[in-house]
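Visitor: mind looking at a prediction? Sequence and model below.
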Amino acid sequence: MKKLLLTVAMTTIAGIAFAQGPNESGTYYQAADGKSGAALKTTLSKIINPHTNIGYDGLFKAYESTDRRPDGKVRDWYSATTNYSFSDHGGYRQEGDSYNREHTVPQSWFGSGIIKSDVIQVVPTDGYVNNRRSNYPFGEVLNATYTSNQGYCKLGSCKTEGYSGTVFEPNDEIKGDLARIYFYMVTCYESQAAGWGHGVFSNANQGFENWAVKMLMRWAKQDPVDDRETKRNMACYACQKNRNPFVDYPGLEDYIWGDKKTTAFSYDRFEGGSSVEIPVVAMPVFSQDAGTYYDSISVELSCATEGAVIYYTTNGTEPTAQSTRYDKAISISKTTTIKAVAIKGGVTSWHADATFIIMEAGSQEELVPAEDGTIQLCDDLFGTGYAGPINTNDTQDLEGTQNGVNIVYGLGSGQNRYCNSSQIRLYPGNELKLSVTDGDIVSLEFLFAEGSPYTTLMVGGQDLQEGKWSGQAKTVTVMYGGTKKHARLDGVKIGVSGSAGVKTVSLGNQLTGKRVVYNLRGQRVANPANGLYFVDRKKVIIK
């Protein structure tokens with residue numbers, strides 16, 4: 001089988017000198033000049049760490065520059081069908097409700113510290129899909145137990161040789177991005193990475209288990225660095241003053257884990273990665289991000305492998321060499337899924353899929369009301385891997401959504417928290433917030449763990465009798481009412497009432513001037529005509 005030399009960057013040809021470092025990095029990497037193998041990795045670690053800690057809350061602000069789509073919306077790493085504004089983070093009950101901050105290396109693996117707010121590795125993702133990923137490793141799925149919309153991501157049993165557990169498989173178009181983030185993580189946090197374990201990280205292979213590094217190296221080659229990834233890296237540098245060298249120098253991983261471990265690195269005359277023993281054609285890249293658009297769009301396809309021909313379909317079938325050959329931009333005026341492959345010398349790339357949803361006026365889905373039900377308060381709800389006491393340095397709220405009810409377990413003014421597979425514990429100062437966006441909470445009945453000696457709970461300073469509360473509120477904050485020990489909670493029975501749905505009113509109701517009215521584009525409307533609008537966060541048809 002013919003071997004192909006992988007072109008390691010779209011804008012850089014092996015052997016051509018940079019005036020300084022690439023991507024406006026200047027002499028940032030100069031200290032690594034002449035290093036190779038393990039010494040190169042250690043030197044890079046000292047260059048990129050320490051860096052500025054922008055804070056966990058600062059991530060949302062950072063995303064406005066690091067993960068902004070061309071249409072101004074949030075780039076979602078785990079879903080192809082979301083259309084989030086940057087303020088759309090919070091509770092969720094299904095894919096498409098809100099986004100949150102995803103630690104590509106799960107936080108339960110490393111605990112706390114500056115890693116928690118490292119914008120290079122903490123990316124915006126759909127909250128529900130993030131919750132389904134939980135803290136499973138990245139891998140390649142054999143039999144899926146869950147898939148996100150359009151099959152963009154999958155969860156299930158692992159087919160990658162060397163690992164037999166459950167894995168989460170990201171979409172092909174971001175596998176290389178995530179591989180380079182993992183290369184960054186074991187380099188930046190070199191002294192800590194081996195302790196993250198979970199079948200992925202180890203003392204061997206410069207930080208990785210053998211199966212993991214083989215897979216990540218393959219992902220990095222099959223999904224090479226593109227312009228979007230380069231721009232994100234530069235935006236991350238503007239935020240926290242460090243860079244991912246594996247993005248600045250495509251193929252750098254070969255100098256540490258590949259067959260260039262004895263080759264000296266040059267920051268201004270970098271020669272790129274090695275040739276590969278398996279034929280590789282880079283997958284096609286879309287000029288527009290998959291997602292929701294309000295107008296017709298034009299989508300261009302490109303491939304980093306010189307001379308490769310792109311073929312695509314728009315009817316749901318898998319692309320082959322007999323499909324439509326790409327030769328000009330594709331105009332999209334209705335919801336369409338493009339599937340594409342690149343082919344060269346009989347070698348076919350991974351498939352690249354992207355769904356573009358074109359919205360029409362009044363076509364948004366109705367709001368789904370919260371539902372009565374019993375919710376177990378445990379690690380599964382919060383998507384964590386905790387199995388007991390939570391590190392006191394970890395102040396991040398645990399958040400989960402079920403039955404349309406968002407639940408946040410916060411440290412508050414307390415000193416301790418606890419979560420495992422069957423219960424949480426409320427200590428003095430802890431806060432447990434339950435909220436709904438549609439309807440109201442009208443009753444709560446907390447289920448205490450068998451044998452729990454302390455059952456005193458409070459809402460608004462008032463003790464709850466037998467853990468029961470009734471009233472009418474969007475948000476209810478529950479605290480432990482005792483001064484000793486803690487309350488052990490297995491779950492909570494929740495009663496809700498009311499439904500936003502879609503309400504029909506007439507213009508005679510004089511909505512204008514008294515209510516804040518928005519159209520489906522999120523624009524405030526002073527004098528709404530007939531149509532579908534958002535009023536008081538509910539959808540209203542004005543006649």
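Guide: Arrived safely, thanks for sending.
Visitor: point to the residue nearest the middle of this protein.
Guide: residue 125 (2.9 Å; Cα atoms, centre = their mean).
Visitor: next helix or strand past the strand or helix carrying that one?
Guide: Element membership for residue 125, per DSSP states H and E: strand 122-126. Scanning forward in sequence from strand 122-126 by DSSP H and E, the next helix or strand is helix 127-133.
Visitor: can you spell out which helices and strands pack onto that next one?
Guide: If you count contacts as 3 or more Cβ pairs under 8 Å, 6 or more residues apart in numbering; DSSP states H and E, helix 127-133 packs onto strand 99-103, strand 398-402. (C-beta placed from N, C-alpha, C; glycine too.)
Visitor: show me where the protein has its helices.
Guide: 37-48, 58-66, 107-110, 127-133, 172-188, 190-193, 210-222, 227-240, 245-248, 379-382 (DSSP state H).
Visitor: of these, which shows the lowest average pLDDT?
Guide: Mean pLDDT is lowest for helix 379-382 among those, at a mean of 82.
Visitor: residues of that helix that come out buried?
Guide: Going by neighbour count (16 or more other Cβ atoms under 10 Å), the buried part of helix 379-382 is 379, 381-382.
Visitor: what does it contact?
Guide: Contact with helix 379-382 is made by 134, 375, 385-387, 398-400, 402, 407, 409, 419-421, as judged by Cβ atoms under 8 Å, 6 or more residues apart in numbering.
Visitor: how does it look with 10 Å?
Guide: Helix 379-382 has contacts (Cβ atoms under 10 Å, 6 or more residues apart in numbering) with 108, 131, 134-135, 375, 385-387, 397-402, 407-409, 419-424, 491.
Visitor: what about residue 347, neighbour count?
Guide: 16 (other Cβ atoms under 10 Å).
Visitor: and what of residue 55?
Guide: 12.
Visitor: which residues touch the residue nearest to the centre of the chain?
Guide: 67, 74-79, 82, 99-104, 131, 133, 148, 153, 170.
Visitor: what bridges to it?
Guide: residue 100 (DSSP bridges).
Visitor: least confident secondary structure element in the chain?
Guide: strand 502-505 (a mean of 42; mean pLDDT, DSSP states H and E).
Visitor: for the protein, give me the ranges with low pLDDT.
Guide: In the predicted model of the chain, residues 1-19, 273-279, 292, 294, 359-369, 385, 393, 499-543 satisfy pLDDT under 70.
Visitor: remind me, longest strand of it?
Guide: strand 487-497 (DSSP state E).
Visitor: tell me what angle that one forms with strand 398-402.
Guide: Angle, strand 487-497 to strand 398-402, by axes from the mean of the first three to the mean of the last three Cα atoms, to 10 degrees: 40 degrees.
Visitor: go through strand 487-497 and flag the buried ones.
Guide: When burial is assessed from 16+ other Cβ under 10 Å, strand 487-497 yields the following buried residues: 487-492, 494-496.
Visitor: now the residue nearest to residue 443 when sequence neighbours are not counted: how far from residue 472?
Guide: Among residues not flanking residue 443 along the chain, residue 495 sits closest, at 3.6 Å (Cβ to Cβ, 6 or more residues apart in numbering). Between residue 495 and residue 472 the distance is 10 Å, computed by Cβ to Cβ, to the nearest Å.
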